[in-house]
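S.K.: sequence below, structure please.
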Amino acid sequence: MPELPEVEVVRAGLQAHVAGRVIARVEVLHPRAIRRHALGPEDFTARLAGARVEAARRRGKYLWLELSDKEAVLAHLGMSGQMLVQPEGAPDEKHLRVRVRFADGGPELRFVDQRTFGGLALADLTGEDLLPAPIAHIGRDPMDPAFDPAAAVRALRSRRTELKRALLDQTLVSGVGNIYADEALWRAKLHWSRPTEKLTNAQGRAVLEAATEVMAEALKAGGTSFDALYVNVNGQSGYFDRSLNVYGRQDRPCGRCGTAIRREPFMNRSSYFCPRCQRRGRT
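M.R.: Coordinates of the predicted model:
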């Protein structure tokens, strides 16, 4: 699943290529692509025709196109969703699901999704921050200028759960997923199962600072791509996977102490850590 850096790369591309343009028409080529839009394909296409895209925005791992009438196209990329900018007339991708054409006749926006786990939906913008209603409960992410680290540490420490579970709770701190949680915990020298109620203020600050740092580095590298499914709007993959310290590196030596990296099951996924640098706390 794409995390904050990958989604931000896509957002920046959409801002550069789509913001300020007026939608001429939309084609829904697979109904599952808009299954989250309860009123169906006809309503979706009719309401978008003539709308102006004001900006491409993001909070955490959530991406949307802000429209001129306090509505938004909320995009869920899922495991294989891609937002591609292509010249009109370019051959259709095999898994093209939605096509957006613009009044200026320039490059079109395509939503491509091999596994059809992602999708698009129209949503009202609500609240002071003008967030799409379905994600109004999502917390700020560490790269948001209004992010409050002290408040985030208090929120982490108030939960009675494992530290990694708290980091993945998007209502507390958004944008951090499995990859960058493991990387941040390694940098902060904290085990993923540490109880949050035993987390000190200094440790809380350290892991959030590490998450911010690693996601900023990943953003500079275009994100992390393990296959051809995650790409930017031009179809290019990121290369931060070359800089990962623990994620996906089971049995390889820790870059800090040389101990073999371990993998443990976690919420139907995996946690990677160094057993020497990130010692499991007493229970």
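S.K.: does the closest residue to E27 other than its chain neighbours count as helix, strand or coil?
M.R.: In space, and not counting its chain neighbours, E27 is closest to R99: 4.4 Å by C-beta to C-beta, 6 or more residues apart in numbering. No exception for glycine: its C-beta is placed from N, CA and C like everyone else's. For R99, the assignment made with DSSP: H, G, I helix; E, B strand; the rest coil gives strand.
S.K.: the residue nearest to T171 when sequence neighbours are not counted: neighbouring residues, count only.
M.R.: Excluding the flanking residues, the one nearest T171 by C-beta to C-beta, 6+ apart is G139, at 5.3 Å. By other C-beta atoms under 10 Å, the residues close to G139 number 19.
S.K.: surely G139 is within a strand?
M.R.: No: with three-state DSSP as the criterion, G139 is located in coil rather than a strand.
S.K.: next, it: phi, psi?
M.R.: Here is the backbone geometry of G139 (degrees, to the nearest 10): phi -70, psi 170.
S.K.: residues near the residue nearest to E27, how many?
M.R.: Number of residues near R99 (other C-beta under 10 Å) recorded here: 18.
S.K.: show the average pLDDT along stretch 113-123.
M.R.: Taken as a whole, stretch 113-123 has a mean pLDDT of 95.
S.K.: and the helices in the stretch 51-200 of the chain?
M.R.: Using DSSP state H, counting those that start in this stretch, the helices found in the stretch 51-200 of the chain span residues 149-158, 163-168, 178-188.
S.K.: so which of these comes closest to V246?
M.R.: helix 178-188 (4.6 Å; C-beta to C-beta).
S.K.: export that closest one as PDB, just CAs?
M.R.: Provided in PDB are the C-alpha atoms of helix 178-188 (Å, rounded to 0.1, in the frame of the first residue of the first chain):
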ATOM      1  CA  ASN A 178       4.100  -0.600   7.600                       C
ATOM      2  CA  ILE A 179       7.300   0.200   5.700                       C
ATOM      3  CA  TYR A 180       8.100   3.600   7.300                       C
ATOM      4  CA  ALA A 181       6.900   2.400  10.800                       C
ATOM      5  CA  ASP A 182       9.600  -0.300  10.700                       C
ATOM      6  CA  GLU A 183      12.200   2.100   9.400                       C
ATOM      7  CA  ALA A 184      11.400   4.800  12.000                       C
ATOM      8  CA  LEU A 185      11.400   2.300  14.900                       C
ATOM      9  CA  TRP A 186      14.800   1.000  13.800                       C
ATOM     10  CA  ARG A 187      16.200   4.600  13.700                       C
ATOM     11  CA  ALA A 188      14.700   5.300  17.100                       C
END
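S.K.: helix or strand right after that helix?
M.R.: Counting by DSSP states H and E, the element after helix 178-188 in chain order, helix or strand, is helix 201-220.
S.K.: and that next one, what's buried?
M.R.: Along helix 201-220, these residues count as buried under the neighbour rule (16 or more other C-beta atoms under 10 Å): Q203, G204, A206, V207, L208, A210, A211, T212, V214, M215, A218, L219.
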